[in-house]
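Participant: Predicted model follows, preceded by the sequence.
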Amino acid sequence: MLTEKYILMMAAVTLFVSAAAVVVHDLRQALPLRRGAADSGGGYTAAGPIRWRTSVALVVLAWMPLLIALSIAVQRNSAP
């Protein structure tokens, strides 16, 4: 059971990191475009949308394996 608990915890962490990576990727794509538009004196250049809905869905999905993993109680064997 301990192995299953760790697998579920790693799945949850992976989903949380993926959600953060989506937002960071979108922000990194958007910021140079905005900075370049401000430096050239031109108008505002709209960047692609930040995928908040996708990252929120990944965070909500990450809670499921995390809650399951936290509900598993592992007991130690007592030595005779």
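Facilitator: Happy to help now that I have it. Numbers count the residues shown, from 1 in each chain.
Participant: and M1, how far is that from A11?
Facilitator: 16 Å (C-beta to C-beta, to the nearest Å). No exception for glycine: its C-beta is placed from N, CA and C like everyone else's.
Participant: Please say which of the two ends up with more neighbours.
Facilitator: Per other C-beta atoms under 10 Å, whichever of M1 and A11 has more neighbours is A11, with 17 against 9.
Participant: now the more buried one, nearest residue through space, not along the chain?
Facilitator: P65 (4.5 Å; C-beta to C-beta, 6 or more residues apart in numbering).
Participant: Next, count neighbours for V59.
Facilitator: Other residues close to V59 by other C-beta under 10 Å number 15.
Participant: scratch that, T3 is what I was asking about
Facilitator: Neighbours of T3 (other C-beta under 10 Å): 7.
Participant: so where does it fall, helix or strand?
Facilitator: Using DSSP states H and E, T3 sits within helix 2-39.
Participant: Distance check, H25 against W52.
Facilitator: 13 Å.
Participant: Ok, Q75 next?
Facilitator: 42 Å.
Participant: Neighbour count: the two, which is higher?
Facilitator: When Q75 and W52 are compared for neighbours, W52 comes out ahead with 12 against 6, by other C-beta under 10 Å.
Participant: How about the more buried one, nearest residue that isn't a chain neighbour?
Facilitator: V23 (7.4 Å).
Participant: Identify the residue nearest the residue sitting nearest the centre point of the chain in space, chain neighbours excluded?
Facilitator: Taking C-alpha atoms, centre = their mean, the centroid of the chain lies closest to A19, which sits 2.3 Å from it. In this structure, A19 finds its nearest non-sequential neighbour in L58, 3.8 Å apart by C-beta to C-beta, 6+ apart.
Participant: picking up where we left off before, ok, so what distance separates the residue nearest to A11 from S71?
Facilitator: Applying C-beta to C-beta to P65 and S71 gives a distance of 11 Å.
Participant: The two - which one has more neighbours?
Facilitator: Set side by side, P65 and S71 show more neighbours around P65, with 19 against 9, by other C-beta under 10 Å.
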